[in-house]
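**Q** based on what follows, work out the 3D shape:
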Amino acid sequence: MSFFRFFLLLSLVTIVSAIGLLAFGFYAGYGGLRGGYAVLQADASVDDRLLRERLTEGENDFTGIFAGAPVSESSQWVMLDDFGSLQLIPLDKYDARVFSFDPRNDGYAGKLRDVFVRDGKRYVYIPLKAGNWAVSSLDRRFYELLGDIRFSAEYFGIGKPLPLFFLTYAVASLFVIIICYVNKKNHRGITAVFALLPPLSCLAFFGAGGFAAAALFLGLFVCFREPAAEFVKYLSFGINAQKIKLIYKEVIEPYRMYWPFLAVFAAAIAAIVIFTELKLFFTLLAAACAFVAFLLSVKTISLWRSGQRRFVPVMIIRRSYPDFSFSLYMAPLAAAAFFVMLLTPLLPGTYSGGGKFNFLVEEQDYYAHLNYQASFSTQQLGRPGAAYPGYILGEDGLPAMDTKAAGIQKIKFDDYPPFPVKHLMDFFNSVNSGGKAAANVGRGRIWENLSLLILLLFILPGLLFNGKTIFGKILLPAKGRSGGLKKITGMLRHTDINRKKVLLYNSKNTFRIRKDA
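**A** Residues are numbered from 1 along each chain as shown. Model prediction:
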């Protein structure tokens, strides 16, 4: 097949795979809302505990989408003074335990119940994990979980800053292309990585984790560009037993110091997938498309070289180990990963979704309820100054009349549970005020951010040994490149000189022999 046919095939595969992956990502909900709440509404006659049971047990059968347990009437509790200790009474059992005229009924339970049951409807609030869900997929999952229970759902979520993600990826890709162009004479076939950038762009759906995975995939392909070129060359003439032996002798064995790096890259990519929001199937799909595009690009470049030059230089000495030049090409995407990691928490998203929440419970309502119940047994009966004096233990150890005015005593709130629906009420207030919500609602991102430090293990060695040459060419003017930079460049290329005067064609050094053209 000619160069132009391979070039057209490469262009078609690259464009179609990039568009297909982006379309699949949007369809799967990777471009959807980043976190928030699902508000389920059912008839008030539906047993609340049955709803919670199906939502909780059924959730274990699906990929996790809940950031916490469903918040409903039966999941809440109120305090009650039992004249001996404070008891936690389930909210759905409170009316059966306490009459409306009971002096211990301070009104808090009724106010809290209005959040979950009102106007003949029952409401369940479900916190959703950050990222990767869409309304259509959530509807399907809730129908599967609740079965024959009739319900309606409304979703309040935080949008992802996708324009920022893809713009950052475009800028990082531009820097990768500049580095490839500047260094094309030093690293043979490096322009083959151009075909990797469109298929890997779909990983920008996942923010910093996606950029980290794209950087690792790019570094992996750059590291193995020479073995890939050799493999494609032998693969062009078909496969048979003799050809397999030849591939092992000319590709597998000579590049044996490269193969441990394959395991290192695989472990790093696995860690990124585990500790970030990346989806394993989608990541493997993007890697497969990038791999096909890379092989086609290597073949296309080999045909272009053979068709445009009468003499093709052949390197007699093959590198026995990777030179860490892949770090330079990973650097722009790695920097983009850290940029997105640092910037995303500073870009809160507005809760999107219709409707307002008119039934709220303030935090001070809870602490007033707690203070009332904790001090109910010690309150003085009647009004202050009435004929119900109180007695305390005097300093002499004998009962003495309490001359202080009757009232509710203050207690130490640290000895009791905190406000149980604080997160839910913060969500209500954010929706009502049209304010901003934290970008990491429903999920801590500490491990995700720490996992990005893996990139430094791949970036720093290459920048230390190769960065001066590359970035010097990019940043320094033409007149300033002579002198010191030439010395640095000469020092960095000392590996191409046979300083030890070793016979290159000695039988003991066949590992370093490529072939005699």
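
**Q** so which residues of the stretch 101-250 of the chain form strands?
**A** 117-118, 121-128, 152-159 (DSSP state E, counting those that start in this stretch).

**Q** give the rounded mean pLDDT of the last one.
**A** Taken as a whole, strand 152-159 carries a mean pLDDT of 76.

**Q** quick check on the residue nearest to Val421 when sequence neighbours are not counted: phi, psi?
**A** In this structure, Val421 finds its nearest non-sequential neighbour in Val361, 6.4 Å apart by Cβ to Cβ, 6 or more residues apart in numbering. Placement of C-beta: from N, CA and C, glycine included. Dihedral angles of Val361 (phi, psi; degrees, to the nearest 10) stand at phi -120, psi 120.

**Q** tally up the residues packed near Val361, please.
**A** Applying other Cβ atoms under 10 Å, we find 22 residues neighbouring Val361.

**Q** could you do Lys422 as well?
**A** 12.

**Q** what's the answer for Gly20, then?
**A** 14.

**Q** secondary structure element holding it?
**A** Using DSSP states H and E, the secondary-structure element containing Gly20 is helix 3-27.

**Q** contacting residues for the closest residue to Gly147 other than its chain neighbours?
**A** Sequence neighbours aside, Arg54 is the residue nearest to Gly147 in space, at 6.9 Å (criterion: Cβ to Cβ, 6+ apart). Contacts for Arg54 (Cβ atoms under 8 Å, 6 or more residues apart in numbering) come out as Leu145, Leu146, Gly147, Ile149.

**Q** pLDDT score for Arg54?
**A** 88.

**Q** name the SS class of it, please.
**A** helix (DSSP: H, G, I helix; E, B strand; the rest coil).

**Q** from Val124, how far out is it?
**A** 10 Å (Cβ to Cβ, to the nearest Å).

**Q** kindly report the same for Arg140.
**A** In terms of Cβ to Cβ, Arg140 sits 18 Å off from Val124.

**Q** compare the two (neighbour count), which wins?
**A** Taking other Cβ under 10 Å, Arg140 and Val124 do not tie; Val124 has more neighbours (24 against 11).

**Q** beta partners of that one?
**A** Listed beta-bridge partners, Val124: Leu40 (assigned using DSSP bridges).

**Q** which residues does Ile269 contact?
**A** Contacts for Ile269 (Cβ under 8 Å, 6+ apart) come out as Ala213, Leu216, Phe217, Thr283.

**Q** now tabulate these in a markdown table and tack on distance to Phe99.
**A** Below are the contacts of Ile269 laid out as a markdown table (distance: Cβ to Cβ, whole Å):
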| residue | distance to Phe99 |
| --- | --- |
| Ala213 | 61 |
| Leu216 | 65 |
| Phe217 | 67 |
| Thr283 | 59 |
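
**Q** which of those residues sit farthest apart?
**A** Put simply, by Cβ to Cβ the two of the contacts of Ile269 set farthest apart are Leu216 and Thr283, 10.4 Å from each other.

**Q** that older thread, ok, which of the strands of the stretch 101-250 of the chain comes nearest Leu295?
**A** The minimum distance between Leu295 and the strands of the stretch 101-250 of the chain falls on strand 152-159, with 37.4 Å, by Cβ to Cβ.

**Q** so where's the stretch 301-450 of the chain shaky on pLDDT?
**A** The model of the stretch 301-450 of the chain has pLDDT under 70 over residues 304-323, 345-355, 377-393, 399-412, 433-447.

**Q** what's around the nearest residue to Phe205 once chain neighbours are set aside, how many residues?
**A** Among residues not flanking Phe205 along the chain, Tyr30 sits closest, at 4.1 Å (Cβ to Cβ, 6+ apart). If you count neighbours by other Cβ under 10 Å, Tyr30 ends up with 26.

**Q** helix, strand or coil: sort out Tyr30 for me.
**A** Tyr30 is classified as coil under three-state DSSP.

**Q** look up how far Ser173 lies from it.
**A** Distance from Tyr30 to Ser173, by Cβ to Cβ: 19 Å.

**Q** is it true that Ala213 touches Val273?
**A** Yes. With contact defined as Cβ atoms under 8 Å, Ala213 reaches Val273; the gap is 7.2 Å.

**Q** tell me which of these two has more neighbours.
**A** Ala213 (24 against 20).

**Q** what residues are up against the more buried one?
**A** Per Cβ under 8 Å, 6+ apart, neighbours of Ala213: Leu203, Phe206, Ile269, Ile272, Val273, Leu278, Thr283.

**Q** those in helices, which ones?
**A** Judged by DSSP state H, helices contain the following of the contacts of Ala213: Ile269, Ile272, Val273, Thr283.

**Q** confidence score at the first one?
**A** The pLDDT attached to Ile269 in the predicted structure is 94.

**Q** quick one, what contacts the spatially closest residue to Ser72 that is not a sequence neighbour?
**A** Leaving aside its sequence neighbours, Ser72 sits nearest to Val124 (Cβ to Cβ, 6+ apart; 4.4 Å). By Cβ under 8 Å, 6+ apart, the contact list for Val124 reads Val39, Leu40, Ala42, Asp48, Leu51, Arg52, Leu55, Pro70, Val71, Ser72, Phe116.

**Q** switch the cut-off to 10 Å
**A** 38-42, 46, 48, 51-52, 55, 70-75, 116, 146, 151, 153 (Cβ atoms under 10 Å, 6 or more residues apart in numbering).

**Q** first-to-last residue distance for stretch 92-105?
**A** 15 Å (Cα to Cα, to the nearest Å).
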